[in-house]
Every structure is written in structure tokens, then in C-alpha cells.
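[1] test case, fold it:
(chains A and B)
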Amino acid sequence: DIQMTQSPSSLSASVGDRVTITCRASQGISNQLAWLQQKPGKGPKSLIYAASSLQSGVPSTFSASGSGTDFTLTISSLQPEDFATYYCQQYNSYPLTFGGGTKVEIK
Amino acid sequence: QVQLVESGGGVVQPGRSLRLSCAASGFVFSSYGMHWVRQAPGKGVEWVAVISYNGKMKYYKDSVKGRFTISRDNFKNTLYLQMNSLRPEDTAVYYCAKDREIWFGPPGLGVDIDYWGLGTLVTVSS
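    This is a model prediction of the structure:
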């Protein structure tokens, strides 16, 4: 199985801050990586696919990059609605696997 | 707009069975691969199973293989997960999810998920 390792597991930030989350795959997955956002009590929401493409309707404050084993998600200016848990997910091989999550909290 | 509504969750004793359903609307259900993904209370997200657009290809997480069966009815626009021999570690919110693209290869490989349902809670406890 491909292991997905996210860091940090949590962070505290203020509105307007720039935030970066990293995700590392245990083997190369090309660009077959997605980023998800989840708020308490809700299902996940897809943000990014193919490592760097924004899903329709996702604000341009979100960006992502990477290929192979190392990936990043950046929020350029944190908004109140962005406080949530973020997961990376690979869809290169079965079983599909997710990172452990990064909880973004209000400082 | 795309809607995925899960149902069928509840409290069940270890060793018993449960069938989850996911009613889909807002897209051509018969054209897309579909997934079940779960999340144990307070834990991360875990993929469970995927089925191709036509139901002919199915893949499972090892820990549910032989116990869970994913299926679909393209006339009823509904996805199912039959769960047998349930264990306490199967306790989770179960989400159905849709592939973003029409894809004729192995479902869920090379194509990401774009929509998720709201989930249904399954609790396995005596």
C-alpha cells in the first residue's frame, strides 16, 4: 500500500496568514494526488485534483503543486471559512489511500 | 446539482449484516465509477471499495474483502454496500463518492473523486 504522510498534523493560524501543508507519498504517484477539505460534521469536499488543478468553485486563494512523492497545498490568505481539516489522497494504485489529515485552527 | 444521499446506517451487533444505499441525482449515474469511503469517529478517512460505471469491475480494501460487497443499480441511480460479518472496527461514517470523469479503465485509478455524500453512521457494538 502507498503510505501518505502529511505534515504538520495541526497548525494554528490567523485570518490573512499564508499556510502551507505538505504531503509525501511512500512511492511515486506521478500527479495522481487530490486535496480534500473537511469541516466538523460534514463530508469531505474536493479542492484539488491532478496535484495542482482547482476543482470548480474553489477559491483562487488555494493552490497546490508537486509530482512524484512530494506535494504541497498552500492557502495564500486564510479566510474564516478555511478553518477545517485537510487531507491528501492518492489515486495512483489500490488501495486508494489518504494522509492522516492537517487540522487548521484559529490562533 | 450533484447530490449523493446515503442511508441504511444504524447500530448492529458484531457478526451481523447491514446494507447501505446511496441515492444519486444531478448527473448521469450510469457513466461514473462510484466509491464507498469511511471515517471512524475522530479518525481520518479510509477508502473501502469502488465499482466501475457498468458494475463489472470492483475493488476492495483488504480488511473488508470477502465481507463487503459493492454493487449498483443504474436504473434506480443507486449505489449499495452490503456489509456482512461486521466487526467493531467497522464502526464509522460511510460516505459514497463519485469519480470526476467518465473513465473506462479501472475505476478510481487515474481519476479523482469530485463529489461526496453527507454520510451515514454505522455502529457495530454488542
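[2] show the average pLDDT along stretch A:67-85.
    Per-residue pLDDT over stretch A:67-85 has a mean of 96.
[3] what's the first-to-last distance across that stretch?
    22 Å (C-alpha to C-alpha, to the nearest Å).
[4] buried stuff in it?
    Neighbour counts over stretch A:67-85 (16 or more other C-beta atoms under 10 Å in any protein chain shown) mark A:69, A:71, A:72, A:73, A:75, A:78, A:82, A:83, A:84, A:85 as buried. Bear in mind the C-beta positions are built from the backbone N, C-alpha and C, glycine included.
[5] so where's chain A shaky on pLDDT?
    For chain A, applying pLDDT under 70 flags no range at all.
[6] give the contact list for the spatially most central residue of it.
    For chain A, the residue sitting closest to the mean C-alpha position, by C-alpha atoms, centre = their mean, is residue A:35 at 3.8 Å. Contact analysis of residue A:35 by C-beta atoms under 8 Å, 6 or more residues apart in numbering or on different chains lists A:23, A:46, A:47, A:48, A:62, A:64, A:73, A:86, A:87, A:88, A:89.
[7] now, which of the buried residues of stretch A:67-85 sits nearest chain B?
    Using C-beta to the nearest C-beta, residue A:85 comes nearest to chain B of these, at 8.7 Å.
[8] whichever helix or strand residue B:48 is part of packs against which elements?
    Using DSSP states H and E, residue B:48 sits in strand B:45-51. On a contact count with 3 or more C-beta pairs under 8 Å, 6 or more residues apart in numbering or on different chains; DSSP states H and E, strand B:45-51 meets strand A:85-90, strand A:97-98, strand B:34-39, strand B:58-60, strand B:68-73, strand B:78-83.
[9] just grab the bridge partners of residue B:69 for me.
    Beta bridges link residue B:69 to residue B:82, judged by DSSP bridges.
[10] so which bits of chain B are right by chain A?
    Remark: the part of chain B in contact with chain A comprises B:35, B:37, B:44-47, B:50, B:59, B:61-62, B:95, B:97, B:100, B:106, B:108-119, using C-beta under 8 Å from any C-beta of the partner chain.
[11] sorry, back to before: among the helices and strands packed on strand B:45-51, which is nearest residue B:19?
    Nearest to residue B:19, of all the helices and strands packed on strand B:45-51, is strand B:78-83, at 5.0 Å by C-beta to C-beta.
[12] relative to strand B:34-39, how tilted is that closest one?
    Angle, strand B:78-83 to strand B:34-39, by axes from the mean of the first three to the mean of the last three C-alpha atoms, to 10 degrees: 50 degrees.
[13] can you pull the contacts of the residue nearest to residue B:90 when sequence neighbours are not counted?
    Computed as C-beta to C-beta, 6 or more residues apart in numbering or on different chains, the closest residue to residue B:90 that is not its neighbour in sequence is residue B:124, at 5.2 Å. For residue B:124, the contact set (C-beta under 8 Å, 6+ apart) comprises B:11, B:12, B:13, B:14, B:86, B:87, B:88, B:89, B:90, B:91.
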